[in-house]
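Chemist: curious how this folds, go ahead:
(chains A and B)
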Amino acid sequence: MPEINNTLLLIVILLNFFTLGSSRLGACIRAVALQGAILALLPLTVNGLTPHALGLAAGAFAFKGIFIPWLLFRAISEVRIRREIEPLIGYVPTLLLGALSTAAAFIFADSLPLVAEHRGTLFIPTALATLATGFLLLITRRKAITQVLGYLVFENGIFVFGVLLTTAMPLMVEAGVLLDLLVAVFIMGIVMHQINREFSTLNTERLSSLRE
Amino acid sequence: MVTAAFLVATLSLFFSGVPGLLLPRGSVAGERLALAMVVGGSTLGLAAAVGVVLAPAPLLFSYPWGVPGGNFALCLDTIAALFLLPVYVIALLGAVYALGYWPERLNPGTGRRLRLFYGVIVAALTLVLTAASSLLFLVAWEIMALAGYFLITTEEKKEEARRAGFLYLVATHTGTLALLAMFILLGEASGSLDFPYPGALAATGSAAGIFLLALFGFGLKAGLIPLHVWLPGAHAAAPSHVSALLSGVMIKTGIYGLVRLTGFFAEIPPWWGWTLLTLGAVSGVLGVAFAIAQHDLKRLLAYHSVENIGIIALGLGLALLGRSHGLPALALLGLAGALLHVVNHGLFKSLLFLGAGSVIQATGSRQIGGAGGLLRRLPVTGICFFGGAVAISGLPPLNGFISEWLVYLGALHSLHGERALSLAAVVAPTLALIGALALACFVKVFGALFLGAARSAQAAEAREAPASMRWPMLLLLAACAGIGLFPASVFPLLERAAQNWGVEAAGGLLAVAPPWPLTFVAWLLLVLAALLWLWRRRARRQASAADTWGCGYALPNSRMQYTPSSFAALLVDLFRWGLRPERHGGRAEGVLPASASFASHTPDAILDRLLLPLVGGGARACTWLRARIQNGSGGLYLLYVALTLCSLLIFLLLRG
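Modeler: Numbers count the residues shown, from 1 in each chain, chains lettered A, B, ... in the order given. Got it, this is the predicted structure:
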């Protein structure tokens, strides 16, 4: 079902742009949650309804689509912030960079020595573009919570790669990656709480006073 | 047999300071034991070196070693023996000298460590000079360098000694880095980490790289300008008998390395010789010019080492040119001059340093300007220092003249070759300039130290050095005079060394450089000097009682004498462009001027005006860059990760 796959992947790319361009934290979290949920469908559309694919899809949906967004919503209601006010690089430049990196991802994916069945699909470019988006979010945003979102988007990129390898990759590895993610988000949540309590802000820049 | 003697001597020297470590501080027994081991080891080593000279062929010794990449290989040939002889002589005499100069009784804090590293550096020196595999050479080289560091920082409580030691450490490690690269290239060229046989390598491919790296690494140790920056401070900061060892033999390992390395190649490109000639001329002239401008006795002597290394480099450059142009007589003269000057400089420079130590002990200061009239208080030191000064100025009848004469002959012999080669004859006037300037410098030093009237209370009360310090100086003076008066006795040795290097001229050295007229002149001068002295002695009874530089004043005082600084001012002004001396004060204004002061100071132009600003600027730029790069913002660090990833991907893309 390549058409469905491509449609889903295109939506993922669009959501990348949405995350890059939006300043409202709530909208961003929803976008990332939606991205996670869509990605959770991919194992099914690629591999059909095998038990392995079903387990993976269910796990990914539960974590990426529901549990982690819920945690993040709780976090922002606790620290009472709604917007990323002043990113290091403005929204429009970030969007332009995102567009550039997406184009670069498409060009680069063309020149990779891929297996015949993956050639011409949107998987590799989408994965690379999503990775780049995650990186951009991590680099350009100041608030700890947007950085967590960047981290999640980054992981989504890895997940797209992983889908190509579902048959080769045991369930345990996938489960491990998801668990990793969860623990990371937990830790980030705790760190956010501490930053907030210590500096009355979530700006990670204050942390630079900790450097040597 | 000879090899065994050599190895036992090396072991004895290496461990000479160890028993002292087990004995309590200030114990005389440890001092005596170390002295006995150094004397025993050196004597045995001397015997081994003589055995090497008498042996019909170079002695090779190879022992399979646990260390990967090479054997414990030694090669005892005449080149090595020529360098070894001064090492043993100076090590032995220096150890005896230390009994009076640095007695354990008066220096309980530093004496044990000084003796430990003194033994270690001598043993490492002998290994450097005999190693026949790159790995052994480098190991011995590093031991030598590190022991040198600890010797220079003997008086580590003084800021000056710490600075000098640090500079030395930086310089020596930079040199070792170059040598490491050089030996890797050499190993690739010859196919093994053992040294190749003389003349076994073709001068193709990496030969230029090998030569340039060796020139840098060995030149840094030898102290060729502009690589001499570490030398004045280090020689000044070390105790005098250590300075004698460092200046007399350690810096010669750089020359040894260049001689040994150039011996490996079958043919020599002409530019090697020209490079060495240029560096030698610059070092010689600037070295002596810097020396004239110094007020610190030991810094002055250290700059003379730079000058003499320049003379040796001139000789070696001529020898290389002789080989490139197929003139064996030129090669023989140049190499013989260079090698003999290595030995001679070792002897007279350590004599001068020991004399300087004796002066410093008597007056308590290294400043030349504070002494004066010491010849009456320290007659033996004075005569020995005078002998050293005559030798270093290249005057007959002492040994410095012989080696410089060989280099002169080489320079004139280059006129026999092709037209392009005749430019090398410029070496002769250069040498003449160096000799004249050295003479002027030692007139200044000897005049200020030993003649005239005392300029300080301490100099007026100075006491002659004890016997343990006088005898080493007298023996060194005797050795200098011996080579000067019987030059033909060392010629066979030099010829054999040249054979080891791959040069053989028809008729040998006696044919190209007949020493008989020279010997005659030397003896004549000696007899004349003796007669003059006797005559003066007889005439002295009627001598007037006026003070030196009295000039008819009724009440002259010691401050009216020429100071060393004013004596040197004319020559220092001639070399302003290179020396950049600094002057402070000295202007007398008005009819009745108020009291004023004057001071002049000549820092090392290359170190203080070129190297330190350059390095300081580099360090500041790096600090600034580090503050930019590591600015504490997590986002930026991620950007670095992303950029690295991107550049790696692009690299893959372009390659694939």
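Chemist: most centrally placed residue in the chain?
Modeler: Going with chain A. Centre of chain A computed as the mean C-alpha position; nearest residue by Cα atoms, centre = their mean is residue A:153, 1.2 Å away.
Chemist: can you look at chain B instead?
Modeler: With distances taken as Cα atoms, centre = their mean, residue B:247 lies nearest the centre of chain B, 3.4 Å away.
Chemist: so the residue nearest to that one when sequence neighbours are not counted is in which element?
Modeler: Closest residue to residue B:247 apart from its sequence neighbours, by Cβ to Cβ, 6 or more residues apart in numbering or on different chains: residue B:305 at 4.5 Å. In short, each C-beta sits where N, CA and C put it, glycine included. Here residue B:305 is covered by helix B:297-324, with elements defined by DSSP states H and E.
Chemist: quick one on the thing from earlier: OK, contacts around the residue nearest to the centre of chain A?
Modeler: Contact partners of residue A:153, counting by Cβ atoms under 8 Å, 6 or more residues apart in numbering or on different chains, are A:16, A:19, A:32, A:35, A:130, A:133, A:134, A:137.
Chemist: same question for residue B:275.
Modeler: Counting by Cβ under 8 Å, 6+ apart, residue B:275 touches B:215, B:317.
Chemist: that one and residue B:317: what is the separation?
Modeler: 8 Å (Cβ to Cβ, to the nearest Å).
Chemist: again with residue B:638
Modeler: The span separating residue B:638 from residue B:317 equals 58 Å under the rule Cβ to Cβ.
Chemist: between these two, who's got more neighbours?
Modeler: residue B:317 (26 against 20; other Cβ atoms under 10 Å in any protein chain shown).
Chemist: all strands for the stretch 1-150 of chain B, in order.
Modeler: Counting by DSSP state E, counting those that start in this stretch, the stretch 1-150 of chain B has strands at residues B:59-63, B:72-76.
Chemist: contacts for the helix or strand that contains residue A:3?
Modeler: According to DSSP H and E, residue A:3 maps onto helix A:2-21. Counting contacts by Cβ under 8 Å, 6+ apart, the residues outside helix A:2-21 that touch it are A:27-28, A:31-32, A:34-35, A:38-39, A:41-42, A:45-46, A:91, A:94-95, A:98-99, A:102, A:121-123, A:126, A:129-130, A:133, A:136-137, A:149, A:153, A:156, A:160.
Chemist: which stretches of chain A have low pLDDT?
Modeler: A:1, A:82, A:84-85, A:166-173, A:193, A:197-212 (pLDDT under 70).
Chemist: equivalent analysis for the stretch 1-150 of chain B, please.
Modeler: The low-confidence ranges in the stretch 1-150 of chain B, as defined by pLDDT under 70, are B:69.
Chemist: what about 90?
Modeler: B:1-3, B:17, B:19-31, B:53-73, B:103-112 (pLDDT under 90).
Chemist: alongside chain A, which residues does it contribute?
Modeler: With Cβ under 8 Å from any Cβ of the partner chain as the criterion, the stretch 1-150 of chain B does not meet chain A at any residue.
Chemist: the stretch 1-150 of chain B: helices as residue ranges?
Modeler: Along the stretch 1-150 of chain B, the segments classed as helices by DSSP state H, counting those that start in this stretch run B:2-14, B:18-22, B:28-54, B:78-101, B:111-130, B:134-152.
Chemist: so which residues on chain B come close to chain A?
Modeler: Applying the criterion Cβ under 8 Å from any Cβ, the portion of chain B that neighbours chain A consists of B:630-636, B:638-639, B:641-642, B:649, B:653, B:656.
Chemist: now which of the residues you listed would you call buried?
Modeler: Among the residues of chain B next to chain A, those scoring as buried are B:633, B:634, B:635, B:638, B:639, B:642 (criterion: 16 or more other Cβ atoms under 10 Å in any protein chain shown).
Chemist: greatest separation within the residues you listed: which pair is it?
Modeler: Of all pairs drawn from these, the greatest distance, 13.9 Å, lies between B:633 and B:642 (Cβ to Cβ).
Chemist: so what's the residue of the stretch 451-600 of chain B found nearest chain A up against?
Modeler: For the stretch 451-600 of chain B, the residue positioned closest to chain A under Cβ to the nearest Cβ is residue B:582, at a distance of 40.2 Å. Counting by Cβ under 8 Å, 6+ apart, residue B:582 makes contact with B:600, B:601, B:602, B:603.
Chemist: those, buried ones only, as a PyMOL selection?
Modeler: Those of the contacts of residue B:582 that meet the burial criterion (16+ other Cβ under 10 Å) are gathered into one PyMOL selection, given here:
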select buried, chain B and resi 600+602+603
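Chemist: nearest to residue B:536 among the contacts of residue B:582?
Modeler: Taking Cβ to Cβ as the measure, residue B:536 lies nearest residue B:600 of those, at 34.9 Å.
Chemist: next SSE after the helix or strand containing the residue nearest to the centre of chain A?
Modeler: Remark: residue A:153 resides in helix A:144-164, with elements defined by DSSP H and E. Toward the C-terminal end, the helix or strand that comes next after helix A:144-164 (DSSP H and E) is helix A:171-199.
Chemist: I figured residue B:312 hits residue B:340, correct?
Modeler: No. Applying Cβ atoms under 8 Å as the test, residue B:312 and residue B:340 come out as separate, 9.5 Å apart.
Chemist: just the contacts of helix A:2-21: which are in helices?
Modeler: Members of the contacts of helix A:2-21 lying in helices (criterion: DSSP state H): A:27-28, A:31-32, A:34-35, A:38-39, A:41-42, A:45-46, A:91, A:94-95, A:98-99, A:102, A:123, A:126, A:129-130, A:133, A:136-137, A:149, A:153, A:156, A:160.
Chemist: outline the domain layout of chain B.
Modeler: Here chain B is described, according to automatic domain parsing, as comprising the domains B:270-534, B:605-655.
Chemist: make CSV from those and add mean pLDDT and distance to residue A:175 to it.
Modeler: Converted to CSV, the domains of chain B look like this (pLDDT from 0 to 100; distance: least, Cβ to Cβ, whole Å):
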stretch, mean pLDDT, distance to residue A:175
domain B:270-534, 91, 69
domain B:605-655, 86, 26
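Chemist: winner for burial among those?
Modeler: Among these, domain B:270-534 has the highest mean neighbour count (mean count of other Cβ atoms under 10 Å in any protein chain shown), at a mean of 22.
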